[in-house]
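Undergrad: below are the sequence and a predicted model for it; my questions follow.
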Amino acid sequence: MLEIRNLHVAIEDGSKKILNGLDLTIHNGEVAAIMGPNGSGKSTLSYVIAGKPDYEILDGEILLDGENLLEMEADARAAAGVFLAFQYPLEIPGVATMTFLKAAMNAQSRARGEGELKTPDFMRRVKLGAEKLGIPQEMLRRGLNVGFSGGEKKRMEILQMALLEPSIGILDETDSGLDIDALKIVSEGVNALRSADRSFLVITHYQRLLNYIVPDTVHVMSKGRIVKTGGKELALELEANGYADYVSDVAA
Amino acid sequence: MASVTPLKTAAELSLLAQAEGSKSVRQNSFARYAAKGLPHRRVEAYHYTDIRALLKDAPAPAQKAGVAPTHFAFNEIDACVITLIDGQLTAVPTNPLAGVSMNISDEVPDDGLAARSVFPSDGDPIIALNAAFVHRTLRIVIDAGCAIEKPVLLRCITAGAVSAYSRVVVEVANGASMTLIECHECASGGLTNSVVEIAAGDDVSVEHIRVNLGDESATVLTSFGGRIGARSALTSGNFVTGGALSRHQVFLRFEGEGATATISGAALLKDRQQADTTLVVDHSVPECVSREHFAHVLDGEATGVFQGKIIVRPHAQKTDGKMMSRAVLLADGATMNNKPELEIFADDVQCGHGATVGALDDDLLFYLRARGLPKPEAEALMLQAFVGEALEMIAHDGMRERLEWLSETWLKARG
């Protein structure tokens, strides 16, 4: 269970406050969607949960199964079960995708006090995962994300999530830059990972993604807070009416 | 106005005493050195590596060879190994490899005045010192048309706090191919001064690799001269983790059309180490290609220096030259000096150079850490990739893998 309580966050130099007392609880097995206009703080929330160092936490706490994530470095949070699928996955020339995947999986195993994976087991798992997401073997030999299309990068993020088996997967605008076919593949990849002990936080501008990854709860974010919470029908309502109601409510 | 005679440093006084006390020192070459003394920061080619200030003393040349260390980093490389201890050259294999002959020669070493010399004609003081003090020359000849599979590996050891001078001249006849590795191990307080010359004929393929694994208080000064014939390919890689002071000079000249030179270097330095690569590529004929890629990883108070000059002579049309130097600074005290130079006198050429100095990308680091890699491991992975770009240019698989492993070891030790 992920619990965020009264979270206040500014960018590092303190010049601009982005999250203003955000509260959010996501139960095990739950798929929560966060929607909101540009600049409402959605991506910041995802970065703060994952442990990006560019932010100053002014107040509040983030607990994953009772553990305070804010006291951990990004790699410790990953080992504790946080996975962030980046909106813009980074390219790392010279680091073969396979090498990177193995390093990440082994680092997390070590951090959890488990043994490292045997190479044949690792290869089998990657091959299987890649096939499901339509990722050709040739891509796995190339530098991580180097020369990949937008869709290929997003599929690679989902492959990483599948291999790392987090307890909470955060998808930061995973639908951006995807055509309808890629959107379906990525969504199927996510849906296959849904389970009773894994939750998801799906951040998106548009309702379209939520046709494929059907959420249990929908939260509307504006000016750094959750201003409305509802079921999946809330996404449809937003699609029809836009964010204007919620933005002006807070401003008033 | 009276002329100013600068005071001699302790090292310069030692060198003078060593030259005066010895009949075997070649006085003409010593005079070429002595005319200028040890190079300092007001000498353009040594502006960033002030040998006069950095060299505290010049230990006496060894009278007899010391003992080689038992551990050798390249033991597993299947090579024809020639061990040169303290510059003493007494015997070489009589039939080293098919197509290869070796002999010890008493020829006068080139100090920049020999016919077709690639070394500076106005006298490089370090090469002049080598020509003055080196005992004898190891001459290696590769017969025409012979493809020598096994590398020739020169294990150059300075076994104690002595000066070791060595000179190796390699002739690669038309149509032949070979790999020459020079690995420098220099003990604490030692001074290595080595010169390697390769004359490549036409249609030749030569790979040269220089490695400096010296002690952290050693001085390793090496010079490499290459003449490249028509349609030949020469690659030269330099790898440095050792030495308090490392200077590697490369002088290359294209002498026949359609040839290619690929020059690379990787240096991983910490504490107060300094490593300098100074490169001159002379496109004296048309239609030759040169590629240079240098990577420096600098931690602590280390200093990296890259000086690269590409000269394109007036008639050397269709020259294609690209030079890149990249450095990552891991600490506030680290310094990188880049000086790329292009001297282009022809009008139909493609030449470019680039130099970057920076820290590791924070966003990339976060991406790796968000996947569970602890900071040191994430940094090591990024640095390994950074160094890998330069090491990739080394063609010999065994050496490239070994150098990658040595980089990994360095990065792991950094913690």
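TA: Looks like it came in fine.

Undergrad: pLDDT weak spots in the stretch 51-200 of chain A?
TA: The stretch 51-200 of chain A contains no residues with pLDDT under 70.

Undergrad: and it, which residues reach chain B?
TA: A:51-54, A:73-75, A:77-79, A:82-84, A:86, A:89-90, A:92-95, A:99-100, A:103-105, A:107-108, A:111, A:143, A:160, A:164 (C-beta under 8 Å from any C-beta of the partner chain). For glycine as for every other residue, the C-beta is placed from the backbone atoms N, C-alpha and C.

Undergrad: how about residue 51, what does it touch?
TA: I'll assume chain A. A:Gly51 sits next to A:Leu69, A:Met72, A:Glu73, A:Ala74, A:Ala76, A:Arg77, A:Val82, B:Phe366, B:Arg369, B:Ala370 when contact means C-beta atoms under 8 Å, 6 or more residues apart in numbering or on different chains.

Undergrad: could you do chain B instead?
TA: Taking C-beta under 8 Å, 6+ apart, one finds B:Leu38, B:Pro39, B:His40, B:Pro125, B:Ile126, B:Leu221, B:Leu245, B:Arg247 in contact with B:Ile51.

Undergrad: neighbour-wise, which of those leads?
TA: Neighbour counts for those were taken using other C-beta atoms under 10 Å in any protein chain shown; the highest belongs to B:Leu221, with 27 neighbours.

Undergrad: give me the secondary structure label for that residue.
TA: Secondary structure, DSSP: H, G, I helix; E, B strand; the rest coil: B:Leu221 is strand.

Undergrad: in the stretch 1-150 of chain A, which residue sits closest to chain B?
TA: Distances between the stretch 1-150 of chain A and chain B by C-beta to the nearest C-beta are smallest at A:Gly94, namely 2.9 Å.

Undergrad: can you tell me which helix or strand that residue belongs to?
TA: A:Gly94 is part of strand A:92-96, with elements assigned from DSSP states H and E.

Undergrad: quick one: what helix or strand has the spatially closest residue to A:Glu61 that is not a sequence neighbour in it?
TA: Residue nearest to A:Glu61 in three dimensions, not counting chain neighbours: A:Arg5, with 5.3 Å by C-beta to C-beta, 6 or more residues apart in numbering or on different chains. Counting by DSSP H and E, the element that carries A:Arg5 is strand A:2-11.

Undergrad: CA atoms only for whichever helix or strand comes after that strand, dumped as CSV, please.
TA: Past strand A:2-11, heading to the C-terminal end, the next element that is a helix or strand (DSSP H and E) is strand A:17-26. C-alpha atoms of strand A:17-26 as CSV (Å, rounded to 0.1, in the frame of the first residue of the first chain):
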residue,chain,number,x,y,z
LYS,A,17,6.2,25.3,-4.9
ILE,A,18,4.8,22.4,-6.9
LEU,A,19,2.9,20.1,-4.5
ASN,A,20,0.7,21.7,-1.9
GLY,A,21,-0.5,19.2,0.7
LEU,A,22,-1.2,16.2,-1.5
ASP,A,23,-2.9,13.2,0.0
LEU,A,24,-3.3,9.9,-1.9
THR,A,25,-3.7,6.3,-0.9
ILE,A,26,-3.3,3.4,-3.3
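
Undergrad: now the helix or strand that strand A:17-26 is followed by: mean pLDDT?
TA: Toward the C-terminus, strand A:17-26 is succeeded by strand A:31-35 as the next helix or strand (DSSP H and E). Regarding strand A:31-35, the rounded mean pLDDT is 96.

Undergrad: mind listing the strands for the stretch 101-250 of chain A?
TA: A:143-144, A:168-172, A:199-204, A:217-222, A:225-230 (DSSP state E, counting those that start in this stretch).

Undergrad: redo those as TSV? Include mean neighbour count.
TA: Below are these laid out as TSV (neighbours: other C-beta atoms under 10 Å in any protein chain shown):
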stretch	mean neighbour count
strand A:143-144	24
strand A:168-172	26
strand A:199-204	24
strand A:217-222	23
strand A:225-230	17
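
Undergrad: between those strands, which gets nearest to A:Gly150?
TA: strand A:168-172 (13.8 Å; C-beta to C-beta).

Undergrad: and B:Asp348, how many neighbours does it have?
TA: 10.

Undergrad: doesn't it lie inside a helix?
TA: No. Counting by three-state DSSP, B:Asp348 is located in no helix; its state is coil.
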